[in-house]
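Undergrad: following is a predicted model, sequence given first.
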Amino acid sequence: MKTCRSYIAWVCLAASFTINCENELGLSKATEEQIVVTVHTGISSFEIYSIGRESAGARKIASGYEIRLSPDGKSLLYTAVKDGQMDLFVASIFGDAQPRKLTQNQFSDSDGQWSPDGATIAFQSGPDGSMNHVWIISKDGSGQRRLTTDTTGFNHTPRWAPDGARIAYRYSCLDDARIYTGQDELCIMQLDGSEKTTLLTGKFELLAWGPGTGALSLQSDGRVSLVNADLCTTRPLVQNEPDSAINEIAWSPDGVQVAFTRSADLFSIHSDGSGLQQLTHFTSGSASAVAWSGDGEEIAFAQQGALYVVRSDGSGLEHIAAPAGVREICWVPAP
């Protein structure tokens, strides 16, 4: 394995969920922009709703979480547990068909990610939390293949490069007793699992590629940093502030800006480090779950579990009627 290391202190957060999945059919085909949200409905219980950007009311799509919109805007990939088994499912965004179970194995499958062309899905899978590997599978459920081979750690959080030729992922180191050491590696590999390169070591979270760029954004210790996967360099983008956690990061569709939530508010900054702007000014609560509109003109986010939309310049803050407890958001363009 080629290695290029940047020794920076990172912080990692972990979470696990158990969800019961009950498939739902929508009542009508969407004809407008939609905002799809995951709502926390109880202990280890999440439901997915579609909310029309112009019309009132929310339509339930399924029970599940880790929602990912397909590149063509027609399908929703998500994780759910049915009959005690965690798998990946695909649902029509229009609600005109029953959700389809994608993965068919005895392991726990989660964190599915569409390839840029929508033909393949990368995900993490394993019999327990200490034996995960990164896999890929075709969108029709065929051709499932494991990419990672290292069994001394936990391979997870796969993220496609914008060109679809590589996958970045986290490798969490375990000791001889299979206990997490608190040390991670950011790795990148080709689609056949070859040419694995370690870009940095430390602790980090909120891994995301910038659209049309060779940069990955990371959050650690209240800071946002960018990693150039081609040059193997790291530079800070957003500095930390005392007692001020960054909860979510989202790139604009053109890869020029990064939106992020810090404590109660939403912020944006250009990827070159200029133009830091506070977009909202709440006096309490916690902001999270960020998603850009397809044209980059608006940003949806959650504040204390409620759904809001604001223009990218900070004007026009609007509360959107949605079920309480919003945890995830994706923005669906009109068909």
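TA: It's in.
Undergrad: got the contact list for the nearest residue to Ser110 once chain neighbours are set aside?
TA: Closest residue to Ser110 apart from its sequence neighbours, by Cβ to Cβ, 6 or more residues apart in numbering: Thr79 at 4.6 Å. C-beta here means a position set from N, CA and C on the backbone, and glycine is covered the same way. Thr79 makes contacts with Ile19, Gly64, Tyr65, Glu66, Met86, Asp87, Leu88, Phe89, Asp109, Ser110, Asp111, Gly112, as judged by Cβ atoms under 8 Å, 6 or more residues apart in numbering.
Undergrad: mind checking how far the fourth one is from Gln144?
TA: So that's Glu66. Distance of Glu66 to Gln144, given as Cβ to Cβ, to the nearest Å: 18 Å.
Undergrad: can you check the last one too?
TA: In this view, Gly112 and Gln144 are 12 Å apart by Cβ to Cβ.
Undergrad: next: the fifth one.
TA: To Gln144, Met86 is 15 Å away according to Cβ to Cβ.
Undergrad: how about low-confidence regions in this structure?
TA: Within the chain, the stretches with pLDDT under 70 are 1-31, 56, 128-131.
Undergrad: hey, what's Ser268 bridged with?
TA: The partner list for Ser268 in beta bridges (DSSP bridges) reads Ala259, Gln277.
Undergrad: is it true that it touches Gln277?
TA: Yes: the criterion here is Cβ atoms under 8 Å, and Ser268 meets it with Gln277 at 5.3 Å.
Undergrad: so which of the two has more stuff around it?
TA: A side-by-side neighbour count of Ser268 and Gln277, using other Cβ atoms under 10 Å, places Ser268 first with 22 against 14.
Undergrad: in contact with that one, which residues?
TA: By Cβ under 8 Å, 6+ apart, the residues touching Ser268 are Gln257, Val258, Ala259, Phe260, Gly275, Leu276, Gln277, Leu279, Ile299, Ser312.
Undergrad: can you select the buried ones among the residues you listed for me in ChimeraX?
TA: Buried residues within those, by 16 or more other Cβ atoms under 10 Å, are selected in ChimeraX with:
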select :257,258,259,260,279,299,312
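Undergrad: CSV for the contacts of Ser268, including distance to Ile329?
TA: Shown next, in CSV, are these (distance: Cβ to Cβ, whole Å):
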residue, distance to Ile329
Gln257, 17
Val258, 16
Ala259, 11
Phe260, 14
Gly275, 23
Leu276, 22
Gln277, 20
Leu279, 15
Ile299, 10
Ser312, 15
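Undergrad: looking at the contacts of Ser268, which is nearest Pro333?
TA: Using Cβ to Cβ, Ile299 is the member of the contacts of Ser268 that sits closest to Pro333, with 14.8 Å.
Undergrad: out of Gly112 and Gln144, which sits in the busier spot?
TA: Legend: neighbour count by other Cβ under 10 Å for Gly112 and Gln144, higher for Gly112 (25 against 17).
Undergrad: and the strand or helix carrying that one, what does it pack against?
TA: Following DSSP states H and E, the helix or strand that holds Gly112 is strand 108-114. Applying 3 or more Cβ pairs under 8 Å, 6 or more residues apart in numbering; DSSP states H and E, one finds that strand 108-114 contacts strand 65-69, strand 75-82, strand 85-92, strand 120-126, strand 153-160.
Undergrad: now the last one, how far from the centre of its chain.
TA: Translated: strand 153-160. How far strand 153-160 lies from its chain's middle: 12 Å, per Cα atoms, centre = their mean, to the nearest Å.
Undergrad: try the third one
TA: Here strand 85-92 is found 16 Å from its chain centre; the criterion is Cα atoms, centre = their mean.
Undergrad: likewise for the shortest one?
TA: Using Cα atoms, centre = their mean, the mean C-alpha position of strand 65-69 is found 7 Å from that of the whole chain.
Undergrad: what lies in contact with it?
TA: Contact partners of strand 65-69, identified using Cβ under 8 Å, 6+ apart, comprise 17, 19, 36, 38, 46, 48, 75-80, 93, 110-114, 327-328, 330-332.
Undergrad: quick one: strands adjacent to it?
TA: strand 75-82 (antiparallel).
Undergrad: what angle do the partner strand and strand 108-114 make?
TA: Here strand 75-82 runs at an angle of 170 degrees relative to strand 108-114 (axes from the mean of the first three to the mean of the last three Cα atoms, to 10 degrees).
Undergrad: quick one: strand 75-82 to strand 120-126, angle?
TA: Interaxial angle, strand 75-82 versus strand 120-126 (the same axes, to 10 degrees): 20 degrees.
Undergrad: list the buried ones in strand 75-82?
TA: By neighbour count with 16+ other Cβ under 10 Å, strand 75-82 contains the buried residues Ser75, Leu76, Leu77, Tyr78, Thr79, Ala80, Val81, Lys82.
Undergrad: how close does the last one sit to Ile51?
TA: In this view, Lys82 and Ile51 are 25 Å apart by Cβ to Cβ.
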